[in-house]
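Asker: requesting a structural model of the entry that follows:
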Amino acid sequence: MSRKIFDYTKSVLERVSFDTTLFCKELEKALKMLLPYEIEQLTDWLLNFTKEKPELRQCLLIINK
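Answerer: Residues are numbered from 1 along each chain as shown. Prediction:
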């Protein structure tokens, strides 16, 4: 079940990546739902995903809170 949540989270983040504020809000929601190891996987995915979208890099600070 949790793998589905992880995949859904990635798809939502991809769909809202046009808006930095919305992306950050969705990332905050995702961090409340995901398990610790999934957050690590999401962090790796985000580092790769935001290479093409540097404006979203500021949202990575949310993970380090």
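
Asker: Ser17: what's it in contact with?
Answerer: Phe23, Phe49, Lys53, Leu56 (CB atoms under 8 Å, 6 or more residues apart in numbering). Backbone N, C-alpha and C define where each C-beta goes, glycine included.

Asker: of the residues you listed - the most surrounded one?
Answerer: In terms of neighbours by other CB atoms under 10 Å, the contacts of Ser17 top out with Phe23 at 24 neighbours.

Asker: so where does the spatially most central residue of the chain fall, helix or strand?
Answerer: Against the mean C-alpha coordinate of the chain, by CA atoms, centre = their mean, the closest residue is Leu27 at 4.5 Å. Under the criterion of DSSP states H and E, Leu27 resides in helix 20-33.

Asker: neighbouring contacts of that helix?
Answerer: 5, 9, 12-13, 16-17, 39, 42, 46, 55-56, 58-59, 62-63.

Asker: buried residues in that helix, which are they?
Answerer: Phe23, Cys24, Glu26, Leu27, Ala30, Leu31 (16 or more other CB atoms under 10 Å).

Asker: who are the packing partners of whatever helix or strand comes next after that helix?
Answerer: Per DSSP H and E, helix 20-33 leads on to helix 36-49 as the next helix or strand towards the C-terminus. For helix 36-49, the elements it packs on are helix 2-15, helix 20-33, judged by 3 or more CB pairs under 8 Å, 6 or more residues apart in numbering; DSSP states H and E.

Asker: dump the ones you listed to JSON lines, plus mean pLDDT.
Answerer: Below are these laid out as JSON lines (pLDDT from 0 to 100):
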{"stretch": "helix 2-15", "mean pLDDT": "92"}
{"stretch": "helix 20-33", "mean pLDDT": "95"}
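
Asker: check the contacts of Ser17 and tell me the two furthest apart.
Answerer: Spatial extent of the contacts of Ser17 (CB to CB) is set by the pair Phe23 and Phe49 at 10.1 Å.
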